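Q: The sequence and its predicted three-dimensional model are supplied below.
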Amino acid sequence: MYFIGLAIILFWSCGNNRTSKDLQNAENMVLQQDDGTISLKLDKAVRYCDAAEPSENTAEWEVVVSRPGSFKIWLSSATKDTTDLHYANSVKISFLDKQLDVVPACDKIIQNPAEFPLSYFRADSYLGSFFVAEPGKYNLQIISEKVIAKNSGIPKTPPADDTILMSVILTPMTR
């Protein structure tokens, strides 16, 4: 009886030895939605911020693609100025050993979005596209001065022309 109990405990502990890195990656993992969209919210990303060089601030997600294909890449920002997003530098997105390097523009404006702070518009910027050949887990990284530290949250009183990076959205391309 003693050996059976010990074997059960040993078997159970071998299957449950998740490290803090595994738990962090599980929190960071984003699954593809039923419609094929992959929505990467900044508040769910692992972030690296450098106060001395904010243009190198980085956010990363682990993306699980269940249905491969071509995806349009959109950057979603909260802004008060619908004519200029005021990104001081281009935004870099790395995915599948490819990199997009784009200055975001106001390609789509959505008024009064529920998920954004009052008095802000949602500005979606088209950045380009990526092709995913096979299902699997992939890392997506964005580099921008608009990536803010995790504990910063949404500023309570930003300047009138301030823009807040909210998410990266991958939408499947249809033929």
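A: Nice, thanks for sending it over. Residues are numbered from 1 along each chain as shown.

Q: pretty sure Met29 contacts Glu62?
A: Yes: in this structure, Met29 is within contact of Glu62 by C-beta atoms under 8 Å, at 4.6 Å. For the C-beta atoms, the positions are set from N, CA and C on the backbone; glycine is no exception.

Q: Kindly point out which residues are neighbours of both of those two.
A: Lys137 (C-beta atoms under 8 Å, 6 or more residues apart in numbering).

Q: who's more crowded, the two?
A: Legend: neighbour count by other C-beta atoms under 10 Å for Met29 and Glu62, higher for Glu62 (18 against 13).

Q: any idea whether Asp43 is helix, strand or coil?
A: Classification of Asp43 using DSSP: H, G, I helix; E, B strand; the rest coil returns helix.

Q: how close does the nearest residue in space to it that is not next to it in sequence sit to Ile169?
A: Nearest in space to Asp43, with sequence neighbours left out and distances taken as C-beta to C-beta, 6 or more residues apart in numbering, is Lys150 at 7.7 Å. Applying C-beta to C-beta, to the nearest Å, the value for Lys150 to Ile169 is 20 Å.

Q: and Ser55, which of the three is it?
A: Quick answer, by three-state DSSP: Ser55 is helix.

Q: do you know how far it is from Thr171?
A: Distance, Ser55 to Thr171, using C-beta to C-beta: 27 Å.

Q: quick one: pLDDT of the most centrally placed residue in the chain?
A: With distances taken as C-alpha atoms, centre = their mean, the residue of the chain nearest its centroid is Leu40 (3.4 Å). With respect to pLDDT, Leu40 scores 97.

Q: how near is it to Thr83?
A: Remark: distance between Leu40 and Thr83 (C-beta to C-beta) = 26 Å.

Q: for Thr174, same thing?
A: For Thr174, the distance to Thr83 equals 30 Å [C-beta to C-beta].

Q: And the two? Which one has more around it.
A: Thr83 (10 against 7).
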